[in-house]
Each structure stands twice: as structure tokens, then as C-alpha cells.
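Peer 1: Coordinates only, no sequence provided:
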């Protein structure tokens, strides 16, 4: 979740980007076998996957796209480690990709657009490459709650009696967004002598957070529950804001705690296989271009790290980035402990 400390655009189809995408299209159309590319992603919901396949088809790519939540995607890749099915995976944050790298699951590759990205975001071993920034935060219906009445932090949710049962909590920890909701709170209670590196107070407060919140009804989304008036507060991620505001006809307010909000960088990587297809590499070369990232940003509210695509960033996304402050988190610590934290929460809090 290394950061652009702005964490995570008009299409500037300059000659370099056009040349890259045209080359990818030309080469892929010819390709030795024009091989199908199997893509695993946690960033293809809400129409993103169909759009990706449509745009990729125009460039001559044959895609099979598998849509999974962040943790589910990560676990599936781990389970398939010895016989990987996916050729390419994208959307997970740098913490998850770092773990895949440590397990020797990624093939080194430097996409042609990497020179358009801040060097601080680039993996020194070229095992994965950054695509876009993401942030996770609390939200409320700004038409129902006045700004001067808005809570200041996650703790206010479970310490304000009138909000009991009036805010959404994750029902499971299968996605990166739900995980961010957890670690943004736990990291305020680091304790080297505490359980899994967190103080007893930290675990007790997280327990109160879950116990006093509301879970989603079947088929309901975190934002829909808010728009319907079922709850006063919920949570979401940066690129979701313009999409759901338009779809649900609601203007969301953003809560920026004093310590800030989690901010991560979504990545793309090629799985290590006996045969890494040329089509997989060409697909990655195209995926991060200013041409495609610009279109992706305009349609789905992402915040690309490709500098030539950033002028296409949605106006609303830019507003939210100004309203939120990146939390100063030790992501290496989070990465080392997150699996155990999730296990503890599933067994002792969400039971």
C-alpha cells in the first residue's frame, strides 16, 4: 500500500506512447502464435474488466481475465506457485508483490513506459512495476451530515454512542481495502512486546470497532449502504469515488484523520513460468502506456503514475487527493505482520 507521497491523469498520446502502443499492436497481431494472455487482477470489477478486454482486443491481444479480491488473488497465486496459470497479474499493492518476489514467483521485466515513472516507485530488481496510486478512507453523505459535525478519526466511530450500528465494518478480510481499514488503525498501536507487534489496547480498540459496527446486507455495497441512509459512515478507495458518486447520485464527504490515510501503489508483474510468452510482455508494455492509462483514469477514476497520463486524472479524484494526507506507515512492518493479523481477527474478532 515506497510511495508517491501524493499516493495514487488527458491522454497525452505523445509520439513515444503512440509508438509503444502501435508497436505492441503490430507485434502482437503478428506474434509468433498470438498467444492468449491470462490476467489475474483485483482491479477489474465494476466494468473495468470488460473495458480492459475491449481495449486490448483493439490492439490484437487475446485476454482471459480473472477477477478476485486482493487477498483472494494473492492466495490463489501462492497456491498456484508451482504451476502458475496466470501470465500477468496487476492491481495488488507493493506489499503483496514484494512477497511474491521473495517467493521467486515473478519474472524480471522492465516495461517500455518505465522511464515515465518516478524512480522511487520502481522495484530495483524489475520484478514488478507501478501503475497507479490508491488511498483508503472513511466516507459520509455530505448532504446529510454537516462538515462541522463530522467525526475526526476511526476511533470516534466506536466511542460515539449514537453511532453504534451506524457505520459499516468489513465482513471479511479478503480484499486490500478491508485490510487497509484494519492496519491504518492497528499501526497507531505498535508495540514490540505486544501480541503480533500490537499493544493490548490496539487489539481491544479494533475489537470495539468491529463489534459496534454494522455489516452489509447480502448484495449491498459499502457505498450503497451509505447512500440508502442505512448507515452514517462507511469506507471506500480513491478511484471508486467518482464512479459511485455518479452511479448512486450522492456527494461523498471524506474523513482525513490527524494521522492521515493509507496510501499504496498498484503494481503489475509477469509470473515466472517455464515459458514466458512474448504476448505477456507486450501486454504489460501496452497496459502502462499513457494512451491506455489515460483512458483508464478518465473512465474509472484512477491516479496513474505514468507522468504522461496524469493530466487525464478525474477532477474529483484530484480533489480527494488534496483533501487527504498520506499516513506515515512502515509498510515493511505491515507486510511482515498482515497475514497473522488477519488470522487473529478472523479467529478472535469476526468469529
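Peer 2: Cool, the structure landed. Predicted model only: the values in this text are computed from it and were never measured. Numbers count the residues shown, from 1 in each chain.

Peer 1: Kindly confirm my reading that residue 64 is in a strand.
Peer 2: Yes - secondary structure of residue 64 (DSSP: H, G, I helix; E, B strand; the rest coil): part of a strand.

Peer 1: does the closest residue to it other than its chain neighbours count as helix, strand or coil?
Peer 2: Once flanking residues are discounted, residue 64 sits nearest to residue 38: 4.8 Å by C-beta to C-beta, 6 or more residues apart in numbering. Glycine gets a C-beta too; all of them are placed from N, C-alpha and C. Residue 38 carries the three-state label strand when classified by three-state DSSP.

Peer 1: what's the distance between residue 38 and residue 262?
Peer 2: 30 Å (C-beta to C-beta, to the nearest Å).

Peer 1: higher neighbour count, those two?
Peer 2: Neighbours around residue 38 and residue 262, counted as other C-beta atoms under 10 Å, are more numerous at residue 262. The numbers are 28 against 19.

Peer 1: For residue 327, see how far away that one is.
Peer 2: Look at residue 262 and residue 327: by C-beta to C-beta, they are 6 Å apart.

Peer 1: what do the two both touch?
Peer 2: By the contact definition C-beta atoms under 8 Å, 6 or more residues apart in numbering, residue 262 and residue 327 are jointly contacted by residue 184.

Peer 1: right, and the secondary structure at residue 131 would be what?
Peer 2: strand.

Peer 1: let me fix that: residue 265
Peer 2: Assigned state for residue 265: strand (three-state reduction, three-state DSSP).

Peer 1: ok, it to residue 97 distance?
Peer 2: Computed with C-beta to C-beta, the distance linking residue 265 and residue 97 is 9 Å.

Peer 1: What separation is there between residue 84 and residue 262?
Peer 2: Taking C-beta to C-beta as the criterion, residue 84 is separated from residue 262 by 29 Å.

Peer 1: For stretch 98-111, which residues meet the burial criterion?
Peer 2: 98, 99, 100, 101, 105, 106, 107, 109, 111 (16 or more other C-beta atoms under 10 Å).

Peer 1: any chance of those in CSV, plus secondary structure?
Peer 2: Output for these, formatted as CSV (three-state DSSP):
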residue, secondary structure
98, helix
99, helix
100, helix
101, helix
105, coil
106, strand
107, strand
109, coil
111, coil
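
Peer 1: so where's the chain shaky on pLDDT?
Peer 2: In the predicted model, the chain carries pLDDT under 70 at residues 1-34.

Peer 1: Enumerate the helices of it by residue range, in sequence order.
Peer 2: Per DSSP state H, the chain has helices spanning 15-30, 48-58, 70-79, 94-102, 154-159, 176-186, 200-211, 222-227, 240-248, 278-287, 290-300, 315-323, 331-348. These are given in chain order.

Peer 1: With distance to residue 256 as extra columns, can I get these in a markdown table?
Peer 2: A markdown table is the format used below for the helices of the chain (distance: least, C-beta to C-beta, whole Å):
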| stretch | distance to residue 256 |
| --- | --- |
| helix 15-30 | 34 |
| helix 48-58 | 26 |
| helix 70-79 | 23 |
| helix 94-102 | 22 |
| helix 154-159 | 12 |
| helix 176-186 | 12 |
| helix 200-211 | 18 |
| helix 222-227 | 17 |
| helix 240-248 | 13 |
| helix 278-287 | 31 |
| helix 290-300 | 22 |
| helix 315-323 | 6 |
| helix 331-348 | 19 |
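
Peer 1: For residue 88, find the nearest of those helices.
Peer 2: Distances from residue 88 to each of the helices of the chain were compared using C-beta to C-beta; the minimum, 5.3 Å, belongs to helix 278-287.

Peer 1: Residue 340 is in contact with residue 195, isn't it?
Peer 2: No - counting by C-beta atoms under 8 Å, residue 340 stays clear of residue 195, with 9.4 Å between them.

Peer 1: Chain neighbours aside, what residue packs nearest to residue 335?
Peer 2: In space, and not counting its chain neighbours, residue 335 is closest to residue 95: 4.0 Å by C-beta to C-beta, 6+ apart.

Peer 1: okay, now the spatially closest residue to residue 233 that is not a sequence neighbour: neighbour count?
Peer 2: Closest residue to residue 233 in three dimensions, ignoring its sequence neighbours and counting by C-beta to C-beta, 6+ apart: residue 167, at 4.0 Å. By the measure other C-beta under 10 Å, the count of residues near residue 167 is 25.

Peer 1: In contact with residue 167, which residues?
Peer 2: Residue 167 makes contact with 157, 212, 213, 214, 231, 232, 233, 234, according to C-beta under 8 Å, 6+ apart.

Peer 1: If we use 6 Å, what do you get?
Peer 2: Applying C-beta atoms under 6 Å, 6 or more residues apart in numbering, we find residue 167 in contact with 157, 213, 231, 233.

Peer 1: and the gap between the closest residue in space to the first one that isn't next to it in sequence and residue 216?
Peer 2: Take residue 157 and drop its neighbours on the chain: the residue closest to it by C-beta to C-beta, 6+ apart is residue 167, 4.9 Å away. Summarising the geometry, the distance separating residue 167 from residue 216, computed by C-beta to C-beta, is 12 Å.
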